[in-house]
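Engineer: Based on what follows, work out the 3D shape:
(chains A and B)
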There are 2 protein chains.
Amino acid sequence: MSVLVVGSIALDTIETPFGMASDTVGGSGTFFSAAASLFGAVQLVGVVGDDYPLEQLRFLEERGVDLSGVERRPGESFRWSGVYSYDLNSRETRETRLGVFADFQPKLPERFRDTRYVFLGNIDPELQLDVLRQVHAPRLVACDTMNFWISGKREALLELLSRVNLLMVNDSEARELSGDHNLLRAARWIQRHGPEMVIIKKGEHGAMLFTRDLIFNAPGFPLEDVYDPTGAGDAFAGGFVGYLARCDALTDEHLRRAMIYGSALGSFSVERMGVERLINLKAQEVHDRVRAFHGMTTFEHAVATLTNV
Amino acid sequence: MSVLVVGSIALDTIETPFGMASDTVGGSGTFFSAAASLFGAVQLVGVVGDDYPLEQLRFLEERGVDLSGVERRPGESFRWSGVYSYDLNSRETRETRLGVFADFQPKLPERFRDTRYVFLGNIDPELQLDVLRQVHAPRLVACDTMNFWISGKREALLELLSRVNLLMVNDSEARELSGDHNLLRAARWIQRHGPEMVIIKKGEHGAMLFTRDLIFNAPGFPLEDVYDPTGAGDAFAGGFVGYLARCDALTDEHLRRAMIYGSALGSFSVERMGVERLINLKAQEVHDRVRAFHGMTTFEHAVATLTNV
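Structural biologist: Numbers count the residues shown, from 1 in each chain, chains lettered A, B, ... in the order given. Modelled structure (predicted):
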């Protein structure tokens, strides 16, 4: 099954302790598509200005991403510029220039509207709701958000939550949204407000999935060199939704594996600046990393007899 | 096989957002013994003052902890007092009174010296070395340390590292010791300085084991209510070493399970103030939690075909 994604298509200027990139292709739509397209067809909806180097998105087309929902409008593309701390655990935004993104009105090509797996990247929740109104009968709607919308558009966000199946947020966002520091209680709070599934992303500490009956933990993958965390969450989402769409199944067992495929894609994403590592990523590398995750987490559950109690 | 532990036997005064405890039994030796004694015999070596409420350690004796290595000396017992932040992720020490611990010279009863599983709790590395000189042919020596010794007794600590099999530290300690923020590189640095195994504890984010050939991640157990993190690391160590000593085996498969038993004991420990939760902990509860860890981490490693690449 194909996956529909709506998100930003940006030009990022990134400074980390290990490198710099200027006006490199980025944005939630781009990272998600780069990851999800390893699993099957992707339909990307977004907007770019007339200054956007569209040839740099050609790798997406070659992997089966349908770019006909990417609107090109007169004006400047969305630009983000940020600098990471020495440990990559925090970042400071230097500049955000919305450009043509400022009055983006997502309009889905007719043939995108029957797509059953949908990812609403981190954009204004009112636009995310707009997109939802245009799709006919999705099987899975996953969405992301951020602190800016949690504080600034809370009502629209809560409306959105009541209409999606899955919210993916990072730990600080889950805490801010729920007003609860405890991540388990925060997840349960979010579930009470709509989505039956919540994924809380914890950066280098991995990610947790909460459903009605299942809690699943995917560890962070230990890497000797992490170059650039930008887009890792969207690469995770692309791996997660892409895997489920490929299997067209939402059993617990598929959700578990989707968490690992998501984590694998997120871990590759940070190995180079921007989207670079995802461009030439090979299926065999993904399989090998999934196997490594298995080796890192599996144990035989043989019951020991504890005679002392 | 029995386990020998040398550590502090303290009176803790703890304030968390959820409760207070005054002069409650604590210390690394106490928490370790409470956890490890669920798996088999434990020999505890430490010192208390003549004000120590020894009757509160009776639960340990009832579980098979040999307290004949606990010296009782005239003077005040070791006291620690601390207050936790609202999210329990940081704490401030209000007061440390060493009392009789100030000139503690661990002296192992003759019958403790052949014990093959040894845990050196977080005390002066020179004392840890003293203990090592008194044991004959240990199969596994695990030790803990803290920032205070990393900066203040680095030379003795490095000497100790060259003589132990396993160092267990938390993430900030691993970073400080190695001078490297990256936890994988920090673990490799530590391995190059002696111990073939390193466990890095990450609080609510779980713990990771690094051996020559294996990296294993145990997640933190999601709890709705965490009351008091004091001693969780020592309870983890007790579960880990206790499980290995019970099996008298150090294969990768045993190490994996030991990580989970350790995590289970650590997760119980934080559910009540001080050592309270460990006192009446039942074997069945430990088994059930290990099963829950299995459910949180296991996935079938079926290879999906990613045809798009």
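Engineer: can we go C-alpha only for contacts and neighbour counts from here?
Structural biologist: Will do.
Engineer: unless I'm mixing things up, residue A:289 is touching residue A:264, no?
Structural biologist: Yes - using CA atoms under 8 Å, residue A:289 is in contact with residue A:264, at 6.1 Å.
Engineer: Neighbour count for these two, which is higher?
Structural biologist: residue A:264 (29 against 20; other CA atoms under 10 Å in any protein chain shown).
Engineer: Give me the residue at the spatial middle of chain A.
Structural biologist: residue A:234 (2.5 Å; CA atoms, centre = their mean).
Engineer: does the closest residue to chain B within the stretch 101-250 of chain A count as helix, strand or coil?
Structural biologist: Proximity of the stretch 101-250 of chain A to chain B (CA to the nearest CA) peaks at residue A:216, 4.3 Å away. Residue A:216 falls in the strand class when you classify it by DSSP: H, G, I helix; E, B strand; the rest coil.
Engineer: circling back: need the contact list for the residue lying closest to the residue nearest to the centre of chain A once chain neighbours are set aside.
Structural biologist: Spatial nearest neighbour of residue A:234, chain neighbours left out: residue A:32 (4.9 Å); criterion: CA to CA, 6 or more residues apart in numbering or on different chains. Residue A:32 sits next to A:5, A:234, A:235, A:236, A:237, A:238, A:239 when contact means CA atoms under 8 Å, 6 or more residues apart in numbering or on different chains.
Engineer: After the helix or strand where residue A:32 lies, which helix or strand is next? Please name it.
Structural biologist: Element membership for residue A:32 (DSSP states H and E) is helix A:28-36. For helix A:28-36, the following helix or strand on the C-terminal side (DSSP H and E) is strand A:42-49.
Engineer: Is the next helix or strand after that next one positioned near chain B?
Structural biologist: Sequence-wise, the next helix or strand downstream of strand A:42-49 (DSSP H and E) is helix A:58-62. No - remark: helix A:58-62 sits outside contact range of chain B, by CA under 8 Å from any CA of the partner chain, the gap being at least 9.1 Å.
Engineer: how about the CA coordinates for helix A:58-62, as PDB?
Structural biologist: Listed next in PDB are the C-alpha coordinates belonging to helix A:58-62 (Å, rounded to 0.1, in the frame of the first residue of the first chain):
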ATOM      1  CA  ARG A  58      15.200  13.300  -7.800                       C
ATOM      2  CA  PHE A  59      16.500  10.500  -5.600                       C
ATOM      3  CA  LEU A  60      13.000  10.400  -4.100                       C
ATOM      4  CA  GLU A  61      11.300  10.000  -7.500                       C
ATOM      5  CA  GLU A  62      13.800   7.200  -8.300                       C
END
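Engineer: just for chain A, where's the confidence low?
Structural biologist: Within chain A, the stretches with pLDDT under 70 are A:303-309.
Engineer: which residues of it fall in strands?
Structural biologist: All strands of chain A, identified by DSSP state E, fall at A:3-6, A:10-16, A:19-26, A:42-49, A:65-73, A:79-84, A:91-97, A:117-120, A:140-144, A:166-170, A:197-201, A:207-210, A:215-218.
Engineer: Pull the residues that contact the first one.
Structural biologist: Spelled out, that is strand A:3-6. In contact with strand A:3-6 (CA under 8 Å, 6+ apart) are residues A:29, A:32-33, A:36, A:40-46, A:106, A:112, A:115-121, A:128, A:131, A:241-242, A:245.
Engineer: Mark which of these are buried, thanks.
Structural biologist: A:29, A:32-33, A:36, A:40-46, A:106, A:112, A:115-121, A:128, A:131, A:241-242, A:245 (16 or more other CA atoms under 10 Å in any protein chain shown).
Engineer: Hmm, residue B:294 and residue A:217 touching each other?
Structural biologist: No - the criterion here is CA under 8 Å, and residue A:217 misses it with residue B:294 at 10.2 Å.
Engineer: Compare those two (neighbour count), which wins?
Structural biologist: Using other CA under 10 Å as the criterion, residue A:217 and residue B:294 rank with residue A:217 on top: 28 against 20.
Engineer: nearest residue to the residue of the stretch 101-250 of chain A closest to chain B other than its sequence neighbours?
Structural biologist: residue B:296 (4.3 Å).
Engineer: Distance check, that neighbour against residue A:204.
Structural biologist: 18 Å (CA to CA, to the nearest Å).
Engineer: Looking at those two, which has the bigger crowd around it?
Structural biologist: residue B:296 (22 against 18).
Engineer: quick one, what contacts that one?
Structural biologist: Applying CA under 8 Å, 6+ apart, the residues contacting residue B:296 are A:214, A:215, A:216, A:217.
Engineer: Give me the number of neighbouring residues for residue A:290.
Structural biologist: 22.
Engineer: For the closest residue in space to residue A:261 that isn't next to it in sequence, give me its contacts.
Structural biologist: What sits nearest to residue A:261 in space, not counting adjacent residues and going by CA to CA, 6+ apart, is residue A:239, at 5.3 Å. By CA under 8 Å, 6+ apart, the contact set of residue A:239 is A:32, A:35, A:36, A:39, A:258, A:261, A:262, A:263, A:264, A:265, A:266.
Engineer: Out of these, which is nearest to chain B?
Structural biologist: residue A:39 (5.2 Å).
Engineer: how much space between residue A:298 and residue B:217?
Structural biologist: 9 Å.
Engineer: And for residue A:11?
Structural biologist: Relative to residue B:217, and taking CA to CA, residue A:11 is found at 36 Å.
Engineer: again, but for residue A:204
Structural biologist: Taking CA to CA, one finds residue A:204 at 12 Å from residue B:217.
Engineer: With residue A:177 instead?
Structural biologist: 29 Å.
Engineer: Taking strand A:19-26 as reference, get the angle to the helix holding residue A:32.
Structural biologist: Interaxial angle of helix A:28-36 relative to strand A:19-26 (axes from the mean of the first three to the mean of the last three CA atoms, to 10 degrees): 90 degrees.
Engineer: when you compare where helix A:28-36 runs with where strand A:65-73 runs, what's the angle?
Structural biologist: 170 degrees.
Engineer: ok now helix A:28-36, how far from the chain's centre?
Structural biologist: 8 Å (CA atoms, centre = their mean, to the nearest Å).
Engineer: Same question for stretch A:24-37.
Structural biologist: 9 Å.
Engineer: on that earlier part again, ranking the strands of chain A by burial, who's on top?
Structural biologist: Among the strands of chain A, strand A:3-6 has the highest mean neighbour count (mean count of other CA atoms under 10 Å in any protein chain shown), at a mean of 30.
Engineer: That one pairs with which strands, parallel or anti?
Structural biologist: strand A:42-49 (parallel), strand A:117-120 (parallel) (DSSP bridges).
Engineer: which stretch among these comes nearest residue A:165?
Structural biologist: Nearest to residue A:165 among the strands paired with strand A:3-6 is strand A:117-120 (10.1 Å), distances taken as CA to CA.
Engineer: what residues does that closest one touch?
Structural biologist: A:1-7, A:128, A:138-144, A:241, A:245.
Engineer: ok, now stretch A:213-222?
Structural biologist: A:203-210, A:252, A:256, A:259-260, A:263-264, A:267, A:293, B:183-184, B:217, B:219, B:295-297.
Engineer: As CSV, could you dump the C-alpha coordinates of it?
Structural biologist: Output of stretch A:213-222 as CSV, limited to C-alpha atoms (Å, rounded to 0.1, in the frame of the first residue of the first chain):
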residue,chain,number,x,y,z
ASP,A,213,-2.7,-3.6,25.4
LEU,A,214,1.0,-3.3,24.5
ILE,A,215,4.0,-1.3,25.7
PHE,A,216,7.0,-1.8,23.4
ASN,A,217,10.4,-0.3,23.8
ALA,A,218,12.9,0.2,21.0
PRO,A,219,16.4,1.2,22.2
GLY,A,220,18.5,3.9,20.7
PHE,A,221,21.1,2.3,18.5
PRO,A,222,24.6,2.9,19.9
